[in-house]
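Student: Predicted model follows, preceded by the sequence.
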Amino acid sequence: MGDTTTTGEHDAFPHDSHPLLDGAALYDVFYEAGTRLGGTYVALMRKARAEDDTEAEKKWMDAHIALDKEREEVDPFDRAQQIETMDRWNALTRRLDKELWGE
């Protein structure tokens with residue numbers, strides 16, 4: 001298990017991109033990163049359905065199911081795993097949102 005303690009110092013986790021978040025707060029932020037990505041998948045599913053693209057709709061539904069499974073498999077006490085996963089999900093959300101909204 002990863003270290004979830006903090007000393008209250010800004011450098012409690014010097015190799016950590018989220019040093020001010022304790023274990024519970026980090027897990028909440030991690031979890032919400034998955035929720036945001038899941039919302040993007042739902043929007044992509046709806047777009048595919050509106051375009052009558054059953055193949056794309058299934059692709060995004062499968063991605064959403066895989067996301068839920070991946071989130072369940074992340075150890076709530078492993079900071080490094082949460083941060084790595086959250087950063088990857090956030091990057092994917094940004095990329096997919098650009099495709100979805102044409103930004």
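Tutor: Received, thanks.
Student: can you map out the helices along this structure?
Tutor: 23-50, 54-73, 79-101 (DSSP state H).
Student: Using TSV, lay out those together with mean neighbour count and mean pLDDT.
Tutor: For the C-beta atoms, the positions are set from N, CA and C on the backbone; glycine is no exception. TSV is the format used below for the helices of the chain (neighbours: other Cβ atoms under 10 Å; pLDDT from 0 to 100):
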stretch	mean neighbour count	mean pLDDT
helix 23-50	17	94
helix 54-73	14	98
helix 79-101	16	94
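Student: hang on, Thr85 packs against Glu70?
Tutor: Yes. The criterion here is Cβ atoms under 8 Å, and Thr85 meets it with Glu70 at 7.1 Å.
Student: Phi first, then psi, for Asp75.
Tutor: The phi and psi torsions at Asp75 (degrees, to the nearest 10) take the values phi -70, psi 120.
Student: roughly how far apart are the residue nearest to it when sequence neighbours are not counted and Gly38?
Tutor: Nearest non-adjacent residue to Asp75, counting by Cβ to Cβ, 6 or more residues apart in numbering: Gln81, 5.8 Å away. Distance, Gln81 to Gly38, using Cβ to Cβ, to the nearest Å: 19 Å.
Student: For Asp97, see how far away the residue of the chain most remote from its centre is.
Tutor: In the chain, the greatest distance from the average C-alpha position (Cα atoms, centre = their mean) is reached by Asp52, at 27.7 Å. According to Cβ to Cβ, Asp52 and Asp97 sit 23 Å apart.
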